[in-house]
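Q: My questions are about this predicted structure, shown below with the sequence.
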Amino acid sequence: MSFTNSSLSVQLDWMDSHFKSTCSPDCPKYLKNSLFLVGEIGGDDFNYGLKQGRTIDDVDTIIDGVKRVIGFGATRMAVPGNFPIGCFPSALTKFMTNSATAYDEYCCVEDWNNFIMSYNNHLQQAIDDYYNTYLWLLQNAVALGMGFNKDSLQKACCGTGGDYNYNEGTKCGDPGIEACDDASTYINWDGVHLTQKAYSWLAKWLIDDMLTQLNCHV
């Protein structure tokens, strides 16, 4: 399976072109009453960028992107930080160790999550909190009767092998790799992305939180 490599700047060019082709000259009227979600950005940048010696200063690129979206006419936006990637099957597989001190109270890779927290702090002025929202879901998925399987909370639905049903060399989408029977009982889809059901719960939590901050009424 191939991966795309379109920068944030290129994606914002697409956004600009889309607006011009669909709502011009009425875009400003629509955009000022819209909520823009700029992110989550960073997962792939961390996974690949750290191997290339990139630094957390790349956050500046995200801030520039936000300013450009404001230039399109956006007046309400949320800029989320990143998920606790140390809880994902991909990280749990890559950094598996017999050292108990390497894991936090959620059985996630602590150093990896500490790095994500540092990144999120750099975005604190414009953040909506994916990190703690995900931990809330992980902690309450079974207790609140959401329908998730307690034995699959940190396993990938689509994948193969190991404790977390994830293999870096053989991923979801590769020939012969099948998904689980019921994705609605899993939080994680393929080791790095969540299932639709997990995203729906996160969206509910975030929307309820954002509406009060934005003085929105529904």
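A: It's in. Numbers count the residues shown, from 1 in each chain.
Q: which one's the longest helix in this protein?
A: Identified as the longest helix of the chain according to DSSP state H is helix 196-213.
Q: Report all helices and strands that that one contacts.
A: Judged by 3 or more C-beta pairs under 8 Å, 6 or more residues apart in numbering; DSSP states H and E, the packing partners of helix 196-213 are strand 76-80, strand 127-128, helix 130-140. From N, CA and C alone the C-beta is placed, and that goes for glycine too.
Q: Buried ones in the first one, by neighbour count?
A: Taking 16 or more other C-beta atoms under 10 Å as the neighbour-count basis, strand 76-80 is seen to contain the buried residues M77, A78, V79, P80.
Q: picking up where we left off before, what's the angle between the longest helix of the chain and strand 76-80?
A: With axes from the mean of the first three to the mean of the last three C-alpha atoms, to 10 degrees as the basis, helix 196-213 and strand 76-80 are set at 130 degrees to each other.
Q: how far is helix 196-213 from where the chain is centred?
A: Its chain's C-alpha centre lies 13 Å from the corresponding centre of helix 196-213 when counted by C-alpha atoms, centre = their mean, to the nearest Å.
Q: ok so, going back, for the helices and strands packed on helix 196-213, which has the smallest mean pLDDT value?
A: Mean pLDDT per stretch puts strand 127-128 lowest among those, at a mean of 50.
Q: picking up where we left off before, could you save the helices and strands packed on helix 196-213 as CSV and add columns showing distance to G86?
A: Converted to CSV, the helices and strands packed on helix 196-213 look like this (distance: least, C-beta to C-beta, whole Å):
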stretch, distance to G86
strand 76-80, 17
strand 127-128, 18
helix 130-140, 10
